[in-house]
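**Q** I'd like to go over a predicted model; first the sequence, then the structure.
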2 protein chains.
Amino acid sequence: MLTSADTDLIRVLGDPLRLRVVSLLAHETLCTTHLVEETGARQTNLSNHLRVLREAGVVETEPCGRYTYYRLRPEVLEGLAGALGELAATARATGAADRRRPCA
Amino acid sequence: MLTSADTDLIRVLGDPLRLRVVSLLAHETLCTTHLVEETGARQTNLSNHLRVLREAGVVETEPCGRYTYYRLRPEVLEGLAGALGELAATARATGAADRRRPCA
DNA sequence: GTGTCGCATCAGCTCTGGCTGATATGACAT
DNA sequence: ATGTCATATCAGCCAGAGCTGATGCGACAC
């Protein structure tokens, strides 16, 4: 079953720049400067998106001097992937059984 | 790797009402009237969302007299679940190896 | 035919959310 | 202490997206 928390998570991931950041962080732990280089986005803009990702629990930070490392939290993505997979399986079963509600 | 098509798909799913509809359709093939009953949303509003889901390829329609059945397309959800799962696996490996880019 | 019902589309309003420049904070170097 | 750099926050602008009422269209019943 999908909760409203999942909706929020999906919404957070549904932004091109944020998804790009997540994609980058999946391969390598980076700090804001690297992300600015990689994405070409302004620092302010990126910082806003990183806050959204942080508050959604998608990433976690590790301060390192005046830099800040951003690391992905795999459990969150795994949870969502699992929920969507379950939903897809249910849908496939429903289709196979052609289970439909009669209209009027 | 996540493409921009995935971004669009995620964005489509990132709406509470649309995700609710997807959730309902996963268990049972329904027509608009049923969805109006189940969600409590206005017919116009729901029809708009259904159009978005249709254009994103998440659902497909089957006319039945003056009714229209909506059915979920499991492959789309499966594809997204798979991509997210892969991303999570990559992130987990990155974390385990503590692979990070040195800052300056 | 007329009426009703299921569904889609249109036009308009509103509000969220992403982008920006400016500014604040805090760490390092000199 | 001064300057520079990395990062976060704030205030404001603007486009996009969701909700609505009104309307159009096609299928069925009579």
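**A** Nice, thanks for sending it over.

**Q** so stretch A:25-40, near DNA strand C or not?
**A** No - for stretch A:25-40 and DNA strand C, the contact criterion (C-beta under 7 Å from any atom of the strand) is not met; the two come no nearer than 9.6 Å. Bear in mind the C-beta positions are built from the backbone N, C-alpha and C, glycine included.

**Q** does any part of that stretch sit near DNA strand D?
**A** Yes - where contact is defined by C-beta under 7 Å from any atom of the strand, part of stretch A:25-40 touches DNA strand D, namely A:Cys31, A:Thr32, A:Thr33, A:Val36.

**Q** could you work out the end-to-end span of that stretch for me?
**A** Distance across stretch A:25-40, first residue to last, is 15 Å (C-alpha to C-alpha, to the nearest Å).

**Q** picking that back up, make CSV out of the residues of stretch A:25-40 next to DNA strand D and add distance to chain B, neighbour count and secondary structure.
**A** Conversion of those to CSV gives the following (distance: C-beta to the nearest C-beta, whole Å; neighbours: other C-beta atoms under 10 Å in any protein chain shown; DSSP: H, G, I helix; E, B strand; the rest coil):
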residue, distance to chain B, neighbour count, secondary structure
A:Cys31, 5, 22, strand
A:Thr32, 9, 17, helix
A:Thr33, 6, 15, helix
A:Val36, 12, 17, helix
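
**Q** now pLDDT too, for these, in TSV please.
**A** As requested, the residues of stretch A:25-40 next to DNA strand D are arranged in TSV below (pLDDT from 0 to 100):
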residue	pLDDT
A:Cys31	97
A:Thr32	97
A:Thr33	97
A:Val36	97
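
**Q** so what's A:Gly85 up against?
**A** If you count contacts by C-beta atoms under 8 Å, 6 or more residues apart in numbering or on different chains, A:Gly85 has them with B:Leu77, B:Glu78, B:Ala81, B:Gly82, B:Gly85.

**Q** 6 Å instead?
**A** A:Gly85 makes contact with B:Ala81, according to C-beta atoms under 6 Å, 6 or more residues apart in numbering or on different chains.

**Q** state the helix or strand in which it lies.
**A** Element membership of A:Gly85 [criterion: DSSP states H and E] is helix A:74-96.

**Q** give me the buried positions along that helix.
**A** Neighbour counts over helix A:74-96 (16 or more other C-beta atoms under 10 Å in any protein chain shown) mark A:74, A:76-81, A:83-85, A:87-88, A:90-92, A:94-95 as buried.

**Q** if anything else comes up later, I'll come back, but that's it for now.
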